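Visitor: Everything below, folded, please.
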Amino acid sequence: MSKSMILRTVPVWLLAAVASGCATNAKQDMASLEDRNRNLAAQLNKTRGDLDAAQRDRAALDQRLAGAIRDVDSLRAELAGRPEPQTAPAGWTAVPGGGMIAIEENILFAPGKVTLRDEARKTLDAIVSTLEGEYGGKDIMVFGHTDDRPIKKSGWADNWQLSTERGLAVVRYLREHGVGGERLVAAGCGEYRPRVSNNTEPNRLSNRRVEIFAIDAQSRTGRTK
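Guide: I've put the predicted structure just below:
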């Protein structure tokens, strides 16, 4: 049987149903494709938004990183310009250009006196050794200090004179035991440079002292040789 004869034998209603079904499927497929297209478009827009946000975050991070690098470079330059940390012998404190040691009054002098105690010699001999060793060539500045109690019966005009005489007593001892006189300076500060407030007896004792500084000559005292 030929194809044309087969078609003539198929009922018209069946052909119509088939055609209608095909049209419905096509419409459903089209609708499905449109839904997928809309979903893909929405995903694409979201992805573009996420990418833009990520790029903005990256730009902000790049700026922060550049700022951190600048800060690090600045800190390195600052540290490079600073002198190396100074060290000091045992008992001494590092100061710019050298070191300092403080000796309590009761180690060196009796109250109101400027004559060195016999037991002070061991302490001062150790200081001479340090001045001639670690601090050889530096200027030696000796400062006498008192508390704020006024002079009454010791015979000194005031605390300035007492502190200066004590500084001189230490300078003379250092000179007599090998420290060059051209390196030595004596001064008295009286009560005007206390360590702590003179409001208790332990504090007053702490303020009565002699301080010995070993420092670079040219930068501090004007000595050129």
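
Visitor: close enough to count as contact, Phe109 and Asp118?
Guide: No. Phe109 is beyond contact range of Asp118, at 11.6 Å (criterion: Cβ atoms under 8 Å). Placement of C-beta: from N, CA and C, glycine included.

Visitor: And the closest residue to Asp216 other than its chain neighbours, how far from Asp158?
Guide: Nearest residue to Asp216, sequence neighbours excluded (Cβ to Cβ, 6 or more residues apart in numbering): Gly97, at 3.8 Å. For Gly97, the distance to Asp158 equals 31 Å [Cβ to Cβ, to the nearest Å].

Visitor: Likewise for Gly49?
Guide: Look at Gly49 and Asp158: by Cβ to Cβ, they are 83 Å apart.

Visitor: Next: Leu33.
Guide: In terms of Cβ to Cβ, Leu33 sits 107 Å off from Asp158.

Visitor: Compare these two (neighbour count), which wins?
Guide: Counting neighbours by other Cβ atoms under 10 Å for Leu33 and for Asp158 shows that Asp158 has the greater number, 14 against 10.

Visitor: and the residue nearest to that one when sequence neighbours are not counted, helix, strand or coil?
Guide: Among residues not flanking Asp158 along the chain, Ile151 sits closest, at 5.6 Å (Cβ to Cβ, 6+ apart). Three-state assignment for Ile151 (DSSP: H, G, I helix; E, B strand; the rest coil): coil.

Visitor: thought Ile151 was touching Glu165?
Guide: No. Using Cβ under 8 Å, Ile151 makes no contact with Glu165, being 11.5 Å away.

Visitor: Okay, now stretch 94-109: how far is its last residue from its first?
Guide: Criterion Cα to Cα, to the nearest Å; first-to-last residue distance in stretch 94-109 is 25 Å.

Visitor: what's the offset of stretch 155-174 from the middle of its chain?
Guide: The chain centre lies 40 Å from the centre of stretch 155-174; the measure is Cα atoms, centre = their mean, to the nearest Å.

Visitor: The chain - how does it break down into domains?
Guide: Domains of the chain are assigned by automatic domain parsing as 3-81, 93-220.
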